[in-house]
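Student: Just to be clear, the model below is a prediction. Sequence and coordinates:
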Amino acid sequence: MNVGVTGATGRMGRTVLDVLDDRNVAVAFAVSRSGPANGPADQSIESADGFGDLLAAHDVDVVVDFSAPAASVGYAEAAADAGVPIVVGTTGFADEEIQALESAGERTPVLVGANFARGVQALISAVETAVASLPKYDVELTETHHNGKRDAPSGTANVILDRIDAARGTEATRVHGREGEAPRSDDEIGVHARRAGDVTGEHEVLLAGNRETVSLSHRAGSRAVFAAGAVDAAAWLTEQEPNYYRFSDIADELT
Ligand SMILES: NC(=O)C1=CN([C@@H]2O[C@H](COP(=O)(O)OP(=O)(O)OC[C@H]3O[C@@H](n4cnc5c(N)ncnc54)[C@H](OP(=O)(O)O)[C@@H]3O)[C@@H](O)[C@H]2O)C=CC1
Ligand SMILES: O=C(O)C1=N[C@H](C(=O)O)C[C@H](O)C1
């Protein structure tokens, strides 16, 4: 497999390059907004301005992208033009940007995932079971990330909230933090985004009612967890037809 890597100077892009190196998977090219630069394992990182040309010039089986929303849309559209599959791990998309990714999926396989940790998929399943079993219990979600994270709440938090709504058959009001006089209503979920230090990524769902609490949580110990999941998904995607895929729908198919 020959992999093109975008966002290659970033926390995740560098980790993807490390995982590819560990697995002896070939890197076709690596780009970032501010390239050229030096990446891990002597990988040279080029300017993202030449992304379309690099796709045309190299034998690329799949692109792995962890960058920024507008950049990811541009990469997906260029990948679709070239007929190259793309895995998108970026979060913080606006609705119209998701639509653009879905459109790219009509022309090439596009796989998106807000969190490539397999444990997070298990967390989501456990949360779905708990909120369906305890429909009257209050739910609060807290996520904690490093101080460099741009989007809030996290992409994972938004996925968990969507899945809670689906499991309960309701559309809860999402209350982002509370301040002043802010009594809780029955139909709300409090959402709390903490940003501090170098925390890799933590998500906790708290259910409370009837004089008891249930707490379900996931903590990523390393970015390699996300990068490994994305590279596994990339290998899977090279075998697929053009479509828009979600990691949560295919994670169980990965070994
Ligand atoms: N799905 C998952 O499992 C995970 C998802 N993420 C998501 O991945 C994304 C990246 O995270 P992280 O690596 O921490 O971020 P960083 O800020 O560390 O890196 C971002 C990378 O994207 C590039 N970039 C930023 N803006 C642009 C732009 N406008 N055009 C082109 N390239 C751009 C940067 O290039 P330069 O350095 O040259 O500016 C850099 O290489 C985030 O959305 C984050 O939420 C993170 C972890 C796991
Ligand atoms: O930006 C990060 O670091 C992370 N982002 C993802 C998200 O927004 O859910 C996944 C992970 O929690 C790390």
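Tutor: Perfect, I can see it now. Numbering: from 1, shown residues only. Ligands and ions are numbered 1, 2, ... in the order given.
Student: Would you mind listing what in the stretch 151-255 of the chain touches ligand 2?
Tutor: 154-156, 201 (Cβ under 6 Å from any ligand atom). C-beta here means a position set from N, CA and C on the backbone, and glycine is covered the same way.
Student: Dump the residues you listed to JSON lines, plus neighbour count and secondary structure.
Tutor: Output for those, formatted as JSON lines (neighbours: other Cβ atoms under 10 Å; DSSP: H, G, I helix; E, B strand; the rest coil):
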{"residue": "154", "neighbour count": "23", "secondary structure": "coil"}
{"residue": "155", "neighbour count": "18", "secondary structure": "helix"}
{"residue": "156", "neighbour count": "24", "secondary structure": "helix"}
{"residue": "201", "neighbour count": "22", "secondary structure": "coil"}
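Student: Of all pairs in these, which one spans the longest distance?
Tutor: 155 and 201 (10.3 Å; Cβ to Cβ).
Student: what sits in contact with each of those two?
Tutor: Residues touching both residue 155 and residue 201 (Cβ atoms under 8 Å, 6 or more residues apart in numbering): residue 115.
Student: Pull the number of nearby residues for the closest residue to ligand 1 within the stretch 151-255 of the chain.
Tutor: Nearest residue of the stretch 151-255 of the chain to ligand 1, counting by Cβ to the nearest ligand atom: residue 226, 3.6 Å away. Burial of residue 226 is recorded as 24 neighbouring residues (other Cβ atoms under 10 Å).
Student: Give me the spatial nearest neighbour of it, chain neighbours excluded.
Tutor: In this structure, residue 226 finds its nearest non-sequential neighbour in residue 116, 4.6 Å apart by Cβ to Cβ, 6 or more residues apart in numbering.
Student: so what strands line up beside the least confident helix or strand in the chain by mean pLDDT?
Tutor: When each helix and strand of the chain is scored by mean pLDDT, DSSP states H and E, strand 37-38 comes last, with a mean of 79. Paired with strand 37-38 in the same sheet, following DSSP bridges, are strand 44-47 (antiparallel).
Student: How far does the strand it pairs with sit from its chain's centre?
Tutor: Centroid separation for strand 44-47 versus its chain: 23 Å, with Cα atoms, centre = their mean, to the nearest Å.
Student: model confidence over stretch 75-92, on average?
Tutor: Mean pLDDT, stretch 75-92: 98.
Student: same question, stretch 179-199
Tutor: For stretch 179-199, the per-residue pLDDT averages 97.
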